[in-house]
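Asker: Okay, here's the prediction I keep looking at, along with the sequence it came from:
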Amino acid sequence: MMLGGVFHAAVLFLVAAGLQLVFGVQKIVNLACGSFYALGAYFAITSVSIATSLGLPGVAFLPVLLLAGLAIGLVGLPVERLLRTVYRRDESHQLLLTFGLLLVFQDVLRFFWGATPRTLDNAYLAYGTAEVLGVRVPTYNLLVIAASIAIAVTLGLFLQRTRTGRIIRATAENREMSEGLGVNSNRVFAAVFTVGCMLGTVGGALVVPASAASLEMAVELVVEAFAVVVIGGLGSMRGAIAGALIVGLIRAVAIMVLPEAEILSIYLVVILALILRPAGLFGKAVA
Amino acid sequence: MSAPHIVESAAVPAAAPPATWNSGLWAFLVILVAMAGLPFFASTYTLTLMVPFFGLAIALLGFNLLFGYTGLLSFGHAMFLGIGAYTAAVMTSKLGILSFELILLASIAAATIVAIPVGFLCVRYTRIFFGMLTLAFGMLFHSILYKFYGLTGGDQGMRVLRPLLFGMEGEGGKTAFLTGPFYYYALGLLAVLGLVMWRIVQSPFGLHLQAIRENAQKASYLGVRVTRMRLAAFVISGIYGGIGGAILAITVGLADPEIVYWTQSGNLVFMAVLGGSGAFAGPVVGSLAFVMLQDAVMSQTQYWRFVMGSVLIILVIFFPGGLSGIASTVLSRFKRGS
């Protein structure tokens, strides 16, 4: 039961990390992050069905899903070009532009994949179950949790240890200053947004064998990702991890104790977090 | 070194000069007169489309007080539409009270009761935090409506019965009621509430709000009680939302949780920006344009979200002032030319 919560947290973390990265550097709250998640999910279904028709064994599904998520994440590049027009504008414009994108993407998905929800059970079953601490759990869930942790560690090391990571952090701190030092901030922004987008699409691709892909998943996820970000603190990677775990576990507990309050409890915690600690667990103080 | 950056553009259009303010009132009055004359030549279908517009326009007048005048972007304002809608549903189908005047009073009361504590918690924050907190409250309300089946009917919603206007029962079927007496009743409400809002934004209180939007810190040095003023704006906008929601629910005949989902709040922001959020008549123009555009696109294609989203994107990038921004640009060019 708790594992279900952690699995959900692992996927939520990926999307929320994308949101955090983009907010941290570009100062944009991306309402379209849910669209990337849904796009990843649908594209993953198509990719797996192609892989199956090519005769790939069921065990190869996870790499296929990861690759599909990464590939479709490149859609972030053109989207970033669009967002570039509003970086220096009021937040309401940024929110509205990404809200417009959310609407557009929803119909793009409908056009390519239709309105009926799609599932991908065979991938889930292909991995069977494993026994952890005396409980039988789906191996697929464990693998996704492991993949999510690996991505988190890689991302953290990349941002902390590499030169490019330092440039990204410098740009996030002070764009003008880093430009003065010769950083091409346009390129940094394009790269960061695309990586943020990929985190979302990979999240969507990984979740789809365990649940279904539907047109509503985008708008539903946006509020959950928001909840994670608010609880953890806007712009903080550690916050994304903590927030995702809290939201994932609250859901798991609520489903057991009082199913009606599943979603309710998340928003209650969000409101509580905003009132008690508006900056979030790991956020910087509110200006 | 790097390519020239994006041209700076005014975020929310700066406070319009007094001349434009009056033109805002004129634009509002022109719309009212046009709507009053519409039943004489428009089709029944167009008229049934206009009643929801009246409800939305009222809600947006309130929303604009918060967003356009005070500078607080709520992403949960649809909550108040829901409060009005569910008040109408509970009154008519559970309590058997059909008087629309009482429904309006109850909606106002319910919106006030919710707006005061929620607003008290929300207005301490600004910008993105205000937006997220209002979003969270809106979704909290949504999940209550959605999950507590016995109380609210869950996703089935609750029926809203036809109300009595001034204690009188309308003749004929539902359509005749909506396009006849209720049409004029809702239009009358829009007129009254619009003029009240005009008084509000022209009053010292309205000027305080604009001062807060421009620079909250300076305003507070000048003795403006920032938090209290923001709260007052929040409550007033909530009441307008409640009244608008009651009208919407009567039109549809149903109150369901969809009306408070966060995308509905997004649509409200869309309408405000479409019309021009800094201008008085902007939201009214915006909701009219939105209703007509959505109807036109939905009749043409099932991919109406794509079209609406694209319109929104183009609007935000190229015409951040909305329709009233375009109109005032055209007008000023015209004046300069003559």
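Answerer: That came through, no problem.

Asker: measure B:S237 to B:I200 for me?
Answerer: 10 Å (Cβ to Cβ, to the nearest Å). Heads up, the C-betas are built off the backbone N, CA and C, glycines and all.

Asker: no no, B:N267
Answerer: B:N267 is 24 Å from B:I200, by Cβ to Cβ.

Asker: before we move on, what about B:Y125?
Answerer: 23 Å.

Asker: For whichever strand or helix holds A:E224, give the mean pLDDT please.
Answerer: A:E224 is part of helix A:217-232, with elements assigned from DSSP states H and E. Here helix A:217-232 scores 83 as its mean pLDDT.

Asker: Check the offset of that helix from the chain's centre.
Answerer: 9 Å (Cα atoms, centre = their mean, to the nearest Å).

Asker: which of the residues in that helix are buried?
Answerer: For helix A:217-232, burial by neighbour count (16 or more other Cβ atoms under 10 Å in any protein chain shown) applies to A:217-232.

Asker: Next secondary structure after it?
Answerer: helix A:237-257.

Asker: Name the residues of that next one that are buried.
Answerer: For helix A:237-257, by 16+ other Cβ under 10 Å, it's A:237, A:239-254.

Asker: Against which helices or strands is the helix or strand following that helix packed?
Answerer: Next along the chain after helix A:237-257, taking DSSP H and E as the criterion, comes helix A:262-276. For helix A:262-276, the helices and strands in contact under the criterion 3 or more Cβ pairs under 8 Å, 6 or more residues apart in numbering or on different chains; DSSP states H and E are helix A:217-232, helix A:237-257, helix B:127-147.

Asker: got the angle for the second one vs helix A:217-232?
Answerer: In this case it means helix A:237-257. 110 degrees (axes from the mean of the first three to the mean of the last three Cα atoms, to 10 degrees).

Asker: Helix A:237-257 and chain B, are they touching?
Answerer: No. Using Cβ under 8 Å from any Cβ of the partner chain, helix A:237-257 stays clear of chain B, with a minimum separation of 10.6 Å.

Asker: contact partners of that helix?
Answerer: With contact meaning Cβ atoms under 8 Å, 6 or more residues apart in numbering or on different chains, helix A:237-257 is reached by A:1-2, A:4-10, A:12-13, A:16-17, A:19-21, A:152, A:155-156, A:159, A:224, A:227-233, A:261-262, A:264-266, A:269, A:280-283.

Asker: Buried only: go through these for me.
Answerer: By 16+ other Cβ under 10 Å, those give A:4-10, A:12-13, A:16-17, A:19-21, A:152, A:155, A:159, A:224, A:227-233, A:261-262, A:264-266, A:269, A:280-283 as buried.

Asker: Hmm, B:L268 and B:G138 touching each other?
Answerer: No. With contact defined as Cβ atoms under 8 Å, B:G138 does not reach B:L268; the gap is 10.6 Å.

Asker: residues shared between the contacts of the two?
Answerer: With Cβ under 8 Å, 6+ apart as the test, B:G138 and B:L268 both reach B:H77, B:A78.

Asker: now stretch A:259-279, how far from the centre of its chain.
Answerer: 20 Å.

Asker: hang on, the earlier thing: can you narrow the buried residues of helix A:217-232 down to the ones near chain B?
Answerer: Applying Cβ under 8 Å from any Cβ to the buried residues of helix A:217-232, those adjacent to chain B are A:V219, A:V222, A:V223, A:F226, A:A227, A:V230.

Asker: Can you list the low-confidence ranges for the stretch 1-150 of chain A?
Answerer: For the stretch 1-150 of chain A, residues meeting the criterion pLDDT under 70 lie at A:1, A:122-123.

Asker: So which residues of it form strands?
Answerer: For the stretch 1-150 of chain A, strands defined by DSSP state E, counting those that start in this stretch occupy the ranges A:129-132, A:135-138.

Asker: could you dump these to JSON lines with distance to chain B?
Answerer: Listed next are those as JSON lines, based on distance: least, Cβ to the nearest Cβ, whole Å:
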{"stretch": "strand A:129-132", "distance to chain B": "31"}
{"stretch": "strand A:135-138", "distance to chain B": "27"}
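
Asker: Pick the most deeply packed of those strands.
Answerer: Mean neighbours per residue, mean count of other Cβ atoms under 10 Å in any protein chain shown, is largest over the strands of the stretch 1-150 of chain A for strand A:135-138, with a mean of 14.

Asker: Show me what counts as buried in stretch B:135-150.
Answerer: Neighbour-count burial for stretch B:135-150 [16+ other Cβ under 10 Å]: B:135-147.

Asker: what do you get for stretch B:195-211?
Answerer: Buried-residue list, stretch B:195-211, by 16+ other Cβ under 10 Å: B:M197, B:W198, B:I200, B:V201, B:F205, B:G206, B:H208, B:L209, B:Q210, B:A211.

Asker: isn't the fourth one right up against B:F280?
Answerer: The one in question is B:V201. Yes. Assessed by Cβ under 8 Å, B:V201 is found in contact with B:F280 at 6.4 Å.

Asker: With that, I have no additional questions.
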